[in-house]
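Asker: model the structure of this input:
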Amino acid sequence: MKQLRVGVIGVGMGSGHISGYQKDGRAEVAAVCDVNRERLQAAAARLNIPKDRLYTDAAKMFAEADLDAVSIAVPNKFHAPLTLAAFKAGCHVLCEKPMAMTVKEAEAMLAASKKARKHLMINFSYRFLDMSQALKQQVASGVIGDVYFGRTVWHRRRGVPGMGTWFTDKELAGGGPLIDLGVHRVDLAMWLMGYPEPVAISGSSYNVIAAQLAKRAKKNYTVEDLACGLVKFANGATLIVEASWAVNNALNEEMITTLYGTKGGLVQKNTGGTYQWTAEIYTEEGGNLYTKVLDTALVSCPSAYSEFVSSVLEKRPPTATGEDGVKVMKILEGIYRSAATGKEVVFR
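Answerer: Model prediction:
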């Protein structure tokens, strides 16, 4: 089987992409690009990337490196333009979340992938957990029936990433915790729900606590510190979304996705503010109420990077598709637009 020649743009989050490809073994990291030369060289030394594979200009990398595929792991503002450039260069694309800054950008990326006949996968990493895969098996088998209501949450007590960096700059990031953290919980809930079509969204956003933290630190902060929304889907289901970087909460990290179906319900949540997980399913059987606790997931779950490589080598669509990414962008953009206007946003 051919070894895939992969390039990685961005060595912040991109370092995880490089490690993922190296662990998989079916992909060769043939080029790595970052505009910061010192950061690029430090990452290359840490990850054993030869110096002749390093680039500070993506256009030059595309022209010289003879790539089959590329990972894009840069500030959100550059996801769309670099993805479009990658398709023009004949590459399949694994793009970091969020897919883009706007629905319009996301739709352009999806259209370009179809025109180029290349894969577009979004790195929705929280569905690539063994526990998430085990829950998906249960949902697919019909245990909880049709999902009609849910709530998906990621709150941090105090956890603003990189205060004063691109993360807190709306021009570069597009938003704050909703687009950074909430995107993961939205995808997980949507994936378990079968990815229904969002049609109407009402949202609110706040910048209460982080604004004071930024003022004291004399750092730039132009995004929200909490956002929430209510999403209605074409199939009649409803989803509540919440995300924050700074909220007066009991836990340093609170991640929970709860779905209610016609036959049962489920919850996936972290434990004690950590990145350890529990999952339960609640059903009624024979007139009795049961709680099924997932002790250990025995299903084999590939990493997002391995799934991307497999999809290209096997010439099949990846999971976490561009179509999924567009629907998530509708929810994120809808919440922001509704929060700004005070009106419900309707997608037709």
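Asker: for residue 127, which non-adjacent residue is spatially closest?
Answerer: Nearest non-adjacent residue to residue 127, counting by C-beta to C-beta, 6 or more residues apart in numbering: residue 191, 5.1 Å away. Any C-beta I mention is one placed from the backbone N, CA and C, and that applies to glycine too.
Asker: what number of residues lie near residue 75?
Answerer: Using other C-beta atoms under 10 Å, residue 75 is surrounded by 19 other residues.
Asker: cool, and residue 60?
Answerer: Residue 60: 12 surrounding residues under other C-beta under 10 Å.
Asker: now residue 32
Answerer: Neighbours around residue 32, by other C-beta under 10 Å: 27.
Asker: beyond whichever strand or helix holds it, next helix or strand please.
Answerer: Per DSSP states H and E, residue 32 falls inside strand 27-33. On the C-terminal side of strand 27-33, the nearest following helix or strand under DSSP H and E is helix 37-47.
Asker: what is that next one packed up against?
Answerer: Contact here means 3 or more C-beta pairs under 8 Å, 6 or more residues apart in numbering; DSSP states H and E; on that basis helix 37-47 packs against helix 14-24, strand 27-33, strand 54-55.
Asker: okay, those, which one's buried deepest?
Answerer: strand 27-33 (a mean of 23; mean count of other C-beta atoms under 10 Å).
Asker: just want the angle from that one to helix 37-47.
Answerer: 160 degrees (axes from the mean of the first three to the mean of the last three C-alpha atoms, to 10 degrees).
Asker: what pairs with strand 27-33, parallel or antiparallel?
Answerer: Sheet pairing of strand 27-33 (DSSP bridges) gives strand 4-9 (parallel), strand 54-55 (parallel).
Asker: would you format the ones you listed as CSV with distance to residue 258 and mean pLDDT included?
Answerer: Shown next, in CSV, are the strands paired with strand 27-33 (distance: least, C-beta to C-beta, whole Å; pLDDT from 0 to 100):
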stretch, distance to residue 258, mean pLDDT
strand 4-9, 35, 98
strand 54-55, 44, 98
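Asker: which SSE is residue 185 in?
Answerer: Taking DSSP H and E as the criterion, residue 185 maps to helix 183-193.
Asker: cool, residue 251 as well?
Answerer: Going by DSSP H and E, residue 251 is not in any helix or strand.
Asker: coming back round to it: can you check the pLDDT for the residue nearest to residue 127?
Answerer: If you check residue 191, the pLDDT there is 98.
Asker: contacts only, for it.
Answerer: Contacts for residue 191 (C-beta atoms under 8 Å, 6 or more residues apart in numbering) come out as 124, 127, 132, 136, 324.
Asker: same check on residue 99?
Answerer: By C-beta under 8 Å, 6+ apart, the residues touching residue 99 are 79, 105, 106, 109, 122, 322, 325, 326, 328, 329.
Asker: contacting residues around the residue lying closest to it once chain neighbours are set aside?
Answerer: Nearest residue to residue 99, sequence neighbours excluded (C-beta to C-beta, 6+ apart): residue 325, at 3.5 Å. Residue 325 makes contact with 95, 97, 98, 99, 100, 106, 109, 110, 120, 122, 124 under the criterion C-beta under 8 Å, 6+ apart.
Asker: how far away is residue 325 from residue 127?
Answerer: Noted for residue 325: a distance of 13 Å to residue 127, by C-beta to C-beta, to the nearest Å.
Asker: what's the local residue count around residue 3?
Answerer: 13.
Asker: distance of it relative to residue 48?
Answerer: 16 Å.
Asker: go ahead and build a PyMOL selection from the buried members of the contacts of residue 99.
Answerer: Entered in PyMOL, the line below selects the buried ones among those, by 16 or more other C-beta atoms under 10 Å:
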select buried, resi 79+105+106+109+122+322+325+326+328+329
